[in-house]
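Undergrad: Quick check, what structure comes out for this input:
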Amino acid sequence: MKTTITMLPVALLLAGFAVAQDARPFDAPVDSPPDLPTAPAGPSPVEGAEEVLQMFSQQPDQFTQTGGAALYDTSCRACHMGEGQGAIGAGTYPHLAANPKLTSKYYIVTVLLTGYHGMPRFGDQMDDEQIAAVSNYVRTAWGNAYPGTVTAEDVAGLRGKGEGAGD
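TA: Predicted coordinates for the structure are as follows:
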């Protein structure tokens, strides 16, 4: 047993020398890579970026989408998931599909305007029509069929009462 333990480092050292003999020197030429397809000629990916930047820099803190689904996709989907199923991860993101709190159309509007627990408020970034659109989308998507439609006037009324409540 003692001989085996003594011989093991010697065997590893010899194996290392054998591997080093087969290794290519650092300055040896490297085989050229196979020919790879090149990108088709066309406009630079940077072209058109100025137009996009202008669109967002005019009001950088405002959402530009107008439809409920588009607003949900850009502002809600990351936490509440694509089918409104919610998630648990760095925090708890409530499910929106079949959520009984959505029975009151004013609940979601208030949460969107002022925020709630870990959810940020969107009252500063969405106008009344956008808040109404995303509220109606959530209240009718994924099998939700809650009565009543949120209007921009509903949002304006709550905005006047609760704006700044999240401060």
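Undergrad: in the protein, what spans have low per-residue confidence?
TA: 1-4, 13-60, 162-167 (pLDDT under 70).
Undergrad: isn't Q65 right up against C76?
TA: No - with contact defined as C-beta atoms under 8 Å, Q65 does not reach C76; the gap is 11.4 Å. Every residue, glycine included, has its C-beta placed from N, CA and C.
Undergrad: who's more crowded, these two?
TA: Shown here are Q65 and C76; by other C-beta atoms under 10 Å, C76 has more neighbours (21 against 16).
Undergrad: Against G160, how distant is that one?
TA: 24 Å (C-beta to C-beta, to the nearest Å).
Undergrad: try A152
TA: In terms of C-beta to C-beta, A152 sits 13 Å off from G160.
Undergrad: Ok, T149 next?
TA: From T149 to G160 the distance is 20 Å (C-beta to C-beta).
Undergrad: A152 and G160: who's more crowded?
TA: Taking other C-beta under 10 Å, A152 and G160 do not tie; A152 has more neighbours (15 against 8).
Undergrad: Kindly list the main-chain dihedrals of the more buried one?
TA: Dihedral angles of A152 (phi, psi; degrees, to the nearest 10) stand at phi -60, psi -30.
Undergrad: That one: what's it in contact with?
TA: 127-129, 131-132 (C-beta atoms under 8 Å, 6 or more residues apart in numbering).
Undergrad: Not counting its neighbours along the chain, what's nearest it?
TA: D128 (4.0 Å; C-beta to C-beta, 6 or more residues apart in numbering).
Undergrad: The one you found is in contact with A156, isn't it?
TA: Yes - D128 is in contact with A156 according to C-beta under 8 Å; the separation is 4.9 Å.
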